[in-house]
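S.K.: Model the structure of this input:
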Amino acid sequence: MVDLRRVRALREVADRGTIAAAADALHLTSSAVSQQLAALEREFGVPLVEPAGRSVRLTPAAHVLLEHAGPLFAQLERLRSELDAHASGDVGDVRVAAFPTAIAAIVAPAVIELRERAPGVRLRVREEEAPHSIDALVQREADVTLTMESGYTPSADDARYHRRDLVRDVLDAVVPADHPLAREERIELSALAGEPWVAPLEGWS
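M.R.: Below is the predicted model of the structure:
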């Protein structure tokens, strides 16, 4: 494996003309740069610099090395840029598990704003109801899940998750016309505790 710090030292010498100038650019001593060049010569088994008055001159082998090193350094710069973008959240995939109405009412409108703010971020949305959406989060198959409050939902003080309440829906109670609560404008949930329910999966509150 070639030590890229040594190749960088050679490139700085080529760009700046002297070991001293290269050392200043690299924030090293001239002795340290000379040692890196000597180590690089040992790695390749060829001389890379030769004296030229008070300066140094690159050998033909050094020019060949730098010609190949140019694309390598460019690739490293692109890699650094992409990693920085990932670290800042500017690019990457975000996996979302959500129930159908949340996809239509929350996720879809958010995509428009997301494209404007972070065009490099791609949403991967899957339709899931609880408890499967919660399982996807626990198993790290989803990064975000949108679900309704239920017995499956992690509690607000569960340190493993970041939870945010997005919407509070008003629920309509549908009862027979002759039901004692039919004329009430507002019904407490507790008043319906003993009533038969048409409801989703077990575990919902």
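S.K.: where's the longest helix anywhere in the chain relative to the chain centroid, distance-wise?
M.R.: In the chain, assigned by DSSP state H, the helix with the most residues is helix 60-88. Distance, stretch centre to chain centre, for helix 60-88: 22 Å (Cα atoms, centre = their mean, to the nearest Å).
S.K.: ditto for stretch 172-184
M.R.: 50 Å.
S.K.: So R122 versus V94, what's the distance?
M.R.: As judged by Cβ to Cβ, to the nearest Å, R122 and V94 stand 7 Å apart. C-beta: built from backbone N, CA, C; applies to glycine.
S.K.: same deal with I134?
M.R.: I134 is 17 Å from V94, by Cβ to Cβ.
S.K.: For those two, indicate the residue with more neighbours.
M.R.: I134 (21 against 15; other Cβ atoms under 10 Å).
S.K.: is it fair to say the more buried one lies in a strand?
M.R.: No. Counting by DSSP: H, G, I helix; E, B strand; the rest coil, I134 is not found in a strand; it is helix.
S.K.: Quick check: closest non-adjacent residue to it.
M.R.: Y152 (4.9 Å; Cβ to Cβ, 6 or more residues apart in numbering).
S.K.: Pull up the gap between the one you found and E12, please.
M.R.: Y152 is 59 Å from E12, by Cβ to Cβ.
S.K.: pLDDT-wise, which helix or strand of this structure ranks last?
M.R.: In the chain, no helix or strand scores lower on mean pLDDT, DSSP states H and E than helix 60-88, which sits at a mean of 80.
S.K.: tilt between the helix or strand just after that helix and helix 60-88?
M.R.: Using DSSP states H and E, the next helix or strand after helix 60-88 towards the C-terminus is strand 91-98. Orientation check (axes from the mean of the first three to the mean of the last three Cα atoms, to 10 degrees): strand 91-98 against helix 60-88 gives 30 degrees.
S.K.: secondary structure class for the residue of the chain positioned farthest from its centre?
M.R.: Note on the chain: the largest C-alpha distance from the chain mean falls to D178, namely 56.5 Å (Cα atoms, centre = their mean). With three-state DSSP as the basis, D178 sits in coil.
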